[in-house]
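**Student:** Provide a 3D model corresponding to the input given below.
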Amino acid sequence: MEQARPEPGSANLGAAGGKELAGGDVIYRTSPFLRHASAIFGPLFALLLLPLATLPAHPDDTFGSTLFGYALMGGGGVFALLSGRGWIRVSDEGLWARNIVTSTSVPWSEVVALEAGSKVGVVLRNGQTWWFWAVQRANISGMLNRRSRVDRVVAEIEVRRTRVASLRAPANDTSRKSLVRPAWWEWIVIAGYVAAAIVGLAGV
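**Tutor:** Next up is the predicted model:
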């Protein structure tokens, strides 16, 4: 089963927040809040880090402590940048998903069960459970034991899986994971973090 990038959504579906794509696939993206926060704070951290890196180093600073500080800020910024880009795509062939740094392809023949935990979980025939970042349970829902978007998404995916299983024989395919390729503008922001770190460390 070949991986394919999702096309723009054309129709909203139900309370689970999915969008129907051309061809009947359905995509579930991260929440609008997380997408907007990612688009704002990811580049913002890079813009703040670069001028900070040009400031004179404190006499007591060491190379190691400075490197740790830039790694912490840069890692947090890259995490913020990529965390809002997740999605789960459901088709008659199986599932595709983008997490923070990995993309996943899972055919229905490999899926044993679906789990609604803190995130959407897929239990594979080999006993592993893969968790998809895009749809998460809000902390308040977990504390109050309330039904959340995770439960609704898992319920919709389960309906699709059951329908497909009744219509066709399982295909012989395997699950795959690969690294995510950032978009061009994400590479620019990541390059900003690297430049800030180089400038800052050069002054230590």
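
**Student:** tell me the average confidence for the lengthiest strand in the chain?
**Tutor:** When the chain is scanned for its longest strand (criterion: DSSP state E), the result is strand 129-136. The average pLDDT within strand 129-136 is 89.

**Student:** SS state for residue 28?
**Tutor:** Per DSSP: H, G, I helix; E, B strand; the rest coil, the local secondary structure of residue 28 is strand.

**Student:** okay, now it: neighbour count?
**Tutor:** Taking other C-beta atoms under 10 Å as the criterion, the count of residues near residue 28 is 25. Bear in mind the C-beta positions are built from the backbone N, C-alpha and C, glycine included.

**Student:** quick one: buried residues of the longest strand of the chain?
**Tutor:** Buried positions in strand 129-136, judged by neighbour count with 16 or more other C-beta atoms under 10 Å: 130, 132-136.

**Student:** Tell me which stretches of this protein form strands.
**Tutor:** 11-13, 18-20, 26-29, 87-90, 94-98, 102-107, 111-116, 119-124, 129-136, 176-179.

**Student:** Identify the bridge partners of residue 124.
**Tutor:** Going by DSSP bridges, residue 124 is paired in beta bridges with residue 111.

**Student:** Could you verify my assumption that it touches residue 105?
**Tutor:** No - under the criterion of C-beta atoms under 8 Å, residue 124 is not in contact with residue 105, lying 11.9 Å apart.

**Student:** before we move on, back to that, distance to residue 187 added to the strands of the chain, as JSON lines?
**Tutor:** JSON lines is the format used below for these (distance: least, C-beta to C-beta, whole Å):
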{"stretch": "strand 11-13", "distance to residue 187": "31"}
{"stretch": "strand 18-20", "distance to residue 187": "26"}
{"stretch": "strand 26-29", "distance to residue 187": "21"}
{"stretch": "strand 87-90", "distance to residue 187": "19"}
{"stretch": "strand 94-98", "distance to residue 187": "16"}
{"stretch": "strand 102-107", "distance to residue 187": "16"}
{"stretch": "strand 111-116", "distance to residue 187": "33"}
{"stretch": "strand 119-124", "distance to residue 187": "27"}
{"stretch": "strand 129-136", "distance to residue 187": "20"}
{"stretch": "strand 176-179", "distance to residue 187": "14"}
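
**Student:** Against residue 126, how distant is residue 164?
**Tutor:** 21 Å (C-beta to C-beta, to the nearest Å).

**Student:** neighbour-wise, which of these two wins?
**Tutor:** Looking at residue 164 and residue 126 with other C-beta under 10 Å, you find the greater number of neighbours at residue 164, namely 16 against 9.

**Student:** Show me the domain layout of the chain.
**Tutor:** According to the domain assignment given by automatic domain parsing, the chain is divided into the following structural domains: 11-30+90-179, 38-82+184-202.

**Student:** Lowest mean pLDDT across those domains, which one is that?
**Tutor:** When the domains of the chain are ranked by mean pLDDT, domain 38-82+184-202 comes last with a mean of 67.
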